[in-house]
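Colleague: compute the structure for the input listed below.
(chains A, B and C)
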Amino acid sequence: MTHDHDLATPVLAARNVRFSYGRGAEVLHDVSLALAPGETVGLVGESGAGKTSLLRLLLGLGSPTSGEILFEGRPLDRRDTRRLLAYRRAVQPVYQDPFSSLDPRMRVGDSIAEPLRSLRLPGGPARRAARVAELLEAVDLPADAGERFPDAFSGGQRQRIAIARALAPEPRVILADEPVSALDTSVRMQVIELFQRLARERGIGMLLVSHDLTIVSALCRRMAVLEGGRLVEEGNTRGVLTDPRHPYTRRLLASVPRLPAL
Amino acid sequence: MSVTVLTEAERNPRSRDTRSRRPRRRTSVNLLVGGVLFGIIAVVAILSLVALPFEPSDTTGGRLQPPSPEHWAGTDRLGRDLFTQLMIGARLAMLTGVGAVAIAAVLGVLVGLVAAMAGRWIDDALSSLLDIAIAFPTLLLAMLVVAWRGASLESAILAIGLAGSAVIARLTRVTATRVLAQDFVTASRTSGTGTLRLIRLHVLPNVWPTLIVPLALQFGGAVVAEASLSYVGLGSPPPNASWGRMLQEAQSTVLVAPTAAILPGLLLVATIIGINLLADGLRDVADPTGRTLR
Amino acid sequence: MSAMLEIENLSVHLDGPDGRRLVDDVSFDLADGQRLGVIGESGSGKSLTALAVLGLLGHPLSASGSIRLSLGDGDTVDTVSAPGRRLDGVRGRTVGAVFQEPLASLDPLMRIGAQLAWPLRRHRGFRADALRRAVLDALAEVQLPEPERIARSLIHEVSGGQRQRVAIALALAAEPRLLIADEPTTALDVTVQAGVLELLQAAVENRGMSLVFISHDLPVVAGIADRVVVMRGGRVVEIGDTRRILTAPREEYTRTLVGASRALDDLLPARPAGSDGPTSGGTE
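Modeller: Predicted coordinates for the structure are as follows:
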């Protein structure tokens, strides 16, 4: 990337965001959250807390009822196509259900290359193919995986493919919605490790939306707790997990099933 | 920390080899029989454009002759060569099928996609419209079209295609709605993919496998519908008669010259069985691993 | 102690020429009053085993082998070979079941009270006022707030956690000797899960029931079961006391599973002493 990114300006931020679906009840009440460059933030909450709504707003899939979504410090204007393109390149999603996040009729390589074309990144077919190979390697999949269709892969492998696709435009931030909840335990750890490595080696920022404190603890330096559409607690992950302030956070932490100590 | 890994394929309960072995074998038989039946009719239809044994309006053969080395299928009550008419009938059947299916496919997919992707209001309006259209009898629609444009093959094709498009539109709407709700569509949108590209890249490839079989069945249905229309006199007029018209004309002389009635009937049945088998086979070719969206 | 459940050489296979075995030669048993956890990842055959115990496998699945359920009076029934009519009397009365998705096991058009009344009436003979009281007691036992209101509600009118509590009340209504819980908390939020687990544990203890608890989640199983069966690819990998499985797994696969769970568990700070166990979950 040739741009100079201001290290102090958050890449992505929600400022006093309120949101409701149509004329329904408000699902987000005055939520503010900022993501500094390279920062990893966990957004924790249970169903109905408003996590997914907030994520959709941050992904530009809807507009807040009031308040603003800021990209690199400035509100997004849908008419400013150049900036919108920059935003789409910089912010990439990873979803929960690995069986729904890949087009079953598209070769894996084409799926991974799709953002490169849609986002009008430079390079012809040869360069795209090289990039796909590179991305497959980055997520520990064999190079020939690109030739196959998603049905040849297990849930964990599909999630790796979805991650490779998100990495394709060299985003500054990945927004991940419950990226490991649908996976078996033994695969979960591997995907978590992959995320850890990406954050470490590529300096990619991450907003991880999850009900699972384990993955947030593994991947996020900072965490925010959302309850009933409000941010009830925010802070350094270690700090919040060892010394939760808000009663809801405490209850959440106490509810996690634990293995008996050895 | 190191966590040993199980091969992921082992854990994948839906891996490729665990299904569709049996269906695939049946498929090749369907495809073969259907392809041969349908192929013969199609070749005859094409040949009819190049060469015919007799002029269609040549009445020199003597009336109601049985099959002979000269007139392979005999002659009709005006002395015209039946084999020639059967060949022309094949061409008309193909034209009807292709034309009606093309109209149904283009119009149906277009309307279905608009309903699926436009807002709630348009969707509701289109859906109600489709309900009415589906309930409307094809024959009645055909009469309206004939009243408007006059009895001709084109009128019949237009009417049959219009009637079929409502079903295709509804199918498209349902499938497209399901596809649009998938995460890969959202992922594509967040990559800035435009609506048209989204349709071409993700929606159509996932919708069309569900349309192959209905469209193929409509092909068969269109051939039958055209035969019915011709039978009641709303199809293309002689001497370029369709099988339906031939059946109607042979009706009065069926005891004297049964071949004139039997042959067009047999060809109709063969075409429809052929296209149905082909439809079944095609579905599996288009979707070799059952890659259809859940 | 006598056996509540004895599974011997159970296999479940697909009908037809394919005939793939989905459960392959599984044997284990469960003593009266014991709590057994069955753990496995997707495709391990754990849920099919549960369905076989309930005699609920239907086309295209068939079972072979034997599953002996103790009826409590010295008599047993084999749910693999017993005729359907016989099993109707066994399900609910001898063995109750709770599944992952409560919506799937509850009638959407019947008031919750009426659904609960049926087994209470049929198996325990309550009538009229006594029946009404029994329904409310059953709802109160699963710690549902305002039992009167819940009894009048339809299932989609209550929250996910409350639905599962209703499903548990329904499974317990006929006072079965064995409860089979198949991923009963997987679809629930963590705080709600904690409450439902506590409730299950209390119900099993109070009634002296046996429990088969099926889950993919080792910490959840470890919290509720005395003994664990580890399954993979339709086979039993290892059986042992929970503590032994966790501390000294013998099989490679069990080690993998325990290792992965332990690695995930280690990501959270150790639970401060004295604060363990969730606060009781009534708010959902």
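
Colleague: can you confirm A:Gln159 is in a helix?
Modeller: Yes. Membership of A:Gln159 in a helix is supported by DSSP: H, G, I helix; E, B strand; the rest coil.

Colleague: that one contacts A:Ser181, correct?
Modeller: No. Between A:Gln159 and A:Ser181 there is no contact under C-beta atoms under 8 Å: 10.5 Å. Where C-beta positions appear, they are placed from N, C-alpha and C, glycine not excepted.

Colleague: looking at these two, which one has more neighbours?
Modeller: A:Gln159 (29 against 13; other C-beta atoms under 10 Å in any protein chain shown).

Colleague: grab the nearest non-local neighbour of the more buried one.
Modeller: Nearest residue to A:Gln159 in three dimensions, chain neighbours excluded: A:Pro98, at 4.6 Å (C-beta to C-beta, 6 or more residues apart in numbering or on different chains).

Colleague: which stretches of the stretch 1-150 of chain C form helices?
Modeller: For the stretch 1-150 of chain C, the helices defined by DSSP state H, counting those that start in this stretch occupy C:46-53, C:84-90, C:102-105, C:112-124, C:128-141, C:147-152.

Colleague: same check, this time on chain B
Modeller: Ranges of helices within chain B are B:8-11, B:21-50, B:82-117, B:120-135, B:138-149, B:153-180, B:183-190, B:195-198, B:204-231, B:243-250, B:259-286, based on DSSP state H.

Colleague: OK, contacts around the residue nearest to A:Gln159?
Modeller: Residues in contact with A:Pro98 (C-beta atoms under 8 Å, 6 or more residues apart in numbering or on different chains) are A:Gly155, A:Gly156, A:Arg158, A:Gln159, A:Ala162, A:Ala182, A:Leu183.

Colleague: what's the burial count for C:Gly74?
Modeller: Count around C:Gly74 with other C-beta under 10 Å applied: 7.

Colleague: pLDDT wise, what is it at?
Modeller: Here the pLDDT value assigned to C:Gly74 is 80.

Colleague: swap in the one 10 residues further on?
Modeller: In this prediction, C:Gly84 carries a pLDDT score of 81.

Colleague: for B:Met1, same thing?
Modeller: pLDDT, read off for B:Met1, is 37.

Colleague: after the longest helix seen in chain C, which helix or strand is next?
Modeller: If you go by DSSP H, chain C has its longest helix at helix C:190-207. Sequence-wise, the next helix or strand downstream of helix C:190-207 (DSSP states H and E) is strand C:210-215.

Colleague: strands of the chain, start to end?
Modeller: Here I'm looking at chain A. Assignment of strands within chain A using DSSP state E yields the ranges A:12-20, A:26-35, A:40-44, A:66-71, A:74-75, A:91-94, A:173-177, A:205-210, A:222-227, A:230-236.

Colleague: chain C is the one I meant
Modeller: So, for chain C - with DSSP E - the strands run C:3-14, C:21-31, C:35-39, C:61-70, C:76-78, C:95-98, C:178-182, C:210-215, C:227-232, C:235-241.

Colleague: may I see the buried residues of the fifth one?
Modeller: Neighbour counts using 16 or more other C-beta atoms under 10 Å in any protein chain shown place C:Thr76, C:Val77 of strand C:76-78 among the buried residues.

Colleague: hmm, who's touching it?
Modeller: Outside strand C:76-78, the residues that reach it (C-beta under 8 Å, 6+ apart) are C:Ser66, C:Ile67, C:Arg68, C:Leu69, C:Ser70, C:Leu71, C:Arg86, C:Leu87, C:Val90, C:Thr94.

Colleague: go again using 10 Å as the cut-off
Modeller: C:2-6, C:8, C:55, C:65-71, C:82, C:86-87, C:89-90, C:94-95 (C-beta atoms under 10 Å, 6 or more residues apart in numbering or on different chains).

Colleague: so what are the sheet partners of that strand and their directions?
Modeller: Strand C:76-78 has these partner strands in its sheet, going by DSSP bridges: strand C:61-70 (antiparallel).

Colleague: quick check: the residue minimising distance to the centre of chain B vs chain A, distance?
Modeller: Chain B has B:Phe219 as the residue nearest its centroid, 1.8 Å off, counting by C-alpha atoms, centre = their mean. B:Phe219 sits 24 Å away from chain A, going by C-beta to the nearest C-beta, to the nearest Å.

Colleague: now swap in C:Arg124 and tell me
Modeller: 34 Å.

Colleague: tell me how far that residue lies from C:Leu131.
Modeller: 9 Å (C-beta to C-beta, to the nearest Å).

Colleague: quick one, what contacts C:Met209?
Modeller: By C-beta under 10 Å, 6+ apart, the neighbours of C:Met209 are C:4, C:32-35, C:95-96, C:172, C:175-179, C:200, C:203.

Colleague: same question, B:Thr186
Modeller: A:Arg56, A:Leu59, A:Leu61, A:Pro93, A:Tyr95, A:Ser100, A:Ser101, A:Asp177, B:Leu180.

Colleague: what about burial for those, which qualify?
Modeller: A:Arg56, A:Leu59, A:Pro93, A:Tyr95, A:Ser100, A:Ser101, A:Asp177, B:Leu180.

Colleague: quick one: which two of those are the most distant?
Modeller: A:Asp177 and B:Leu180 (17.7 Å; C-beta to C-beta).

Colleague: for residue 29, grab the count of nearby residues.
Modeller: All of this is about chain A. Counted with other C-beta under 10 Å, A:His29 comes out at 15.

Colleague: oops, wrong one, chain B.
Modeller: 12.

Colleague: wouldn't it be in contact with B:Leu278 here?
Modeller: No. B:Val29 lies out of contact with B:Leu278 (C-beta atoms under 10 Å); the separation is 11.8 Å.

Colleague: if any of the contacts of strand C:76-78 are buried, put those into a ChimeraX selection.
Modeller: Buried residues within the contacts of strand C:76-78, by 16+ other C-beta under 10 Å, are selected in ChimeraX with:
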select /C:4,5,6,55,65,66,67,68,69,70,82,87,90,94,95
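
Colleague: how close does the spatially most central residue of chain A sit to A:Ser181?
Modeller: The structure's chain A has its C-alpha centroid closest to A:Leu175; by C-alpha atoms, centre = their mean the separation is 1.7 Å. Distance, A:Leu175 to A:Ser181, by C-beta to C-beta: 15 Å.

Colleague: same question for A:Ala133.
Modeller: 30 Å.

Colleague: just the helices in the stretch 51-200 of chain A please.
Modeller: A:51-58, A:81-90, A:108-118, A:125-138, A:155-167, A:185-202.

Colleague: thought B:Ser236 was touching B:Leu229?
Modeller: Yes. Taking C-beta under 10 Å as the definition, B:Ser236 is a contact partner of B:Leu229 at 9.2 Å.

Colleague: now do the shared contacts for those two.
Modeller: B:Thr96, B:Ala151, B:Leu153, B:Ser155, B:Ala156, B:Ile157, B:Ser242, B:Gly244, B:Arg245.

Colleague: quick one, grab the pLDDT at the fifth one.
Modeller: Right, B:Ala156. 86.

Colleague: who's in contact with it?
Modeller: B:92, B:95-96, B:99-100, B:142, B:145-146, B:149, B:222, B:225-230, B:234-236, B:242, B:244.

Colleague: state the distance from it to B:Ser228.
Modeller: From B:Ala156 to B:Ser228 the distance is 10 Å (C-beta to C-beta).

Colleague: quickly list what's touching both of those two.
Modeller: B:Ala142, B:Leu234, B:Gly235, B:Gly244.

Colleague: what's the burial count for the first one?
Modeller: Applying other C-beta under 10 Å, we find 26 residues neighbouring B:Ala142.

Colleague: do I have it right that it meets B:Leu153?
Modeller: No. In this structure, B:Ala142 is not within contact of B:Leu153 by C-beta under 10 Å, at 11.9 Å.

Colleague: what touches both of the two?
Modeller: B:Glu226, B:Leu229, B:Gly235.

Colleague: out of these, which is nearest to chain C?
Modeller: B:Glu226 (41.0 Å; C-beta to the nearest C-beta).

Colleague: so what's that closest one closest to, chain neighbours aside?
Modeller: Per C-beta to C-beta, 6+ apart, closest to B:Glu226 is B:Thr96, 4.2 Å.

Colleague: thanks again, I'm all set now.
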